[in-house]
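J.: Fold the stuff below for me.
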Amino acid sequence: MIKVLFICHGNICRSPMAEFVLKDMVHKRGLSARFVIDSAATSTEEIGNGVHHGTRRKLGEMGVPCGDHRAVQMRRSDYGKYDYLIGMDAWNIRNMRRILGEDPEKKVYRLLDFAEHPRDIEDPWYTGNFDVTYEDIVEGCQAFLKAVL
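T.: Got it, this is the predicted structure:
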């Protein structure tokens, strides 16, 4: 079983988008039973809030279901529960390390670290561009699957 936790600042835009994109990809490949996929925030600002309307709209356009997700904050104990703790940008990684402490098993990554051109995924909360965010997340999820399968 491959256990993945996607992390962003508030857990309403990028990390739930990555969660549902990867769930959709593994479902379409018949691999759902081999994965546990979830998402969380580094902050407490959006705890309990649903998926941002821009993320929900983009996922709907692409035929990716997103359910009734509610934002939660990542915890230090998540380090023991997941094989991969995947942030969206360098700021997320800094905050993840603050929460988690050490990373002796090398579980902490940015999503696009798996891609051919590693980089941050910009936060659509600020950019308003959910299309670019979606494209980057698809690229990262495809590269992640290639790396782990």
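
J.: contact partners of the helix ranked longest in the chain?
T.: The single longest helix within the chain, with elements called by DSSP state H, is helix 130-148. Applying Cβ atoms under 8 Å, 6 or more residues apart in numbering, the contact partners of helix 130-148 are 2, 4, 13-14, 17-18, 21-22, 25-26, 29, 54-55, 57-59, 62, 84, 86, 111-112, 114-116, 121-124, 127. Quick note: C-beta positions are derived from backbone N, CA and C, even for glycine.

J.: Narrow the residues you listed to just the buried residues.
T.: Buried by 16 or more other Cβ atoms under 10 Å: 2, 4, 13-14, 17-18, 21-22, 25-26, 54-55, 58-59, 84, 86, 111-112, 114-115, 121, 123-124, out of the contacts of helix 130-148.

J.: what's the pLDDT at Gly67?
T.: The model reports Gly67 with a pLDDT of 84.

J.: quick one, what contacts it?
T.: Applying Cβ under 8 Å, 6+ apart to Gly67 gives the contacts Phe20.

J.: what pLDDT does the residue with the largest distance to the centre of the chain get?
T.: Most distant from the centre of the chain: Pro104, at 21.1 Å, with distances by Cα atoms, centre = their mean. At Pro104, the predicted lDDT confidence score is 97.

J.: so where does it fall, helix or strand?
T.: Using DSSP states H and E, Pro104 sits in no helix or strand.

J.: measure it to Glu45 for me?
T.: 29 Å (Cβ to Cβ, to the nearest Å).

J.: again, but for Arg76
T.: Separation of Arg76 from Glu45 (Cβ to Cβ): 19 Å.

J.: just to revisit the earlier point, return the backbone torsion pair for the residue farthest from the centre of the chain.
T.: The phi/psi pair for Pro104 (degrees, to the nearest 10) reads phi -60, psi -30.

J.: and what of Val108?
T.: phi -90, psi 130.

J.: Quick check: bridge partners of it?
T.: Beta bridges link Val108 to Leu85 when assigned by DSSP bridges.

J.: Narrow the contacts of helix 130-148 to those in strands?
T.: Among the contacts of helix 130-148, DSSP state E puts Ile2, Val4, Tyr84, Ile86 in strands.

J.: Of these, just say which sits nearest to Phe35.
T.: Lowest distance from Phe35 to those (Cβ to Cβ) belongs to Ile2, with 5.2 Å.
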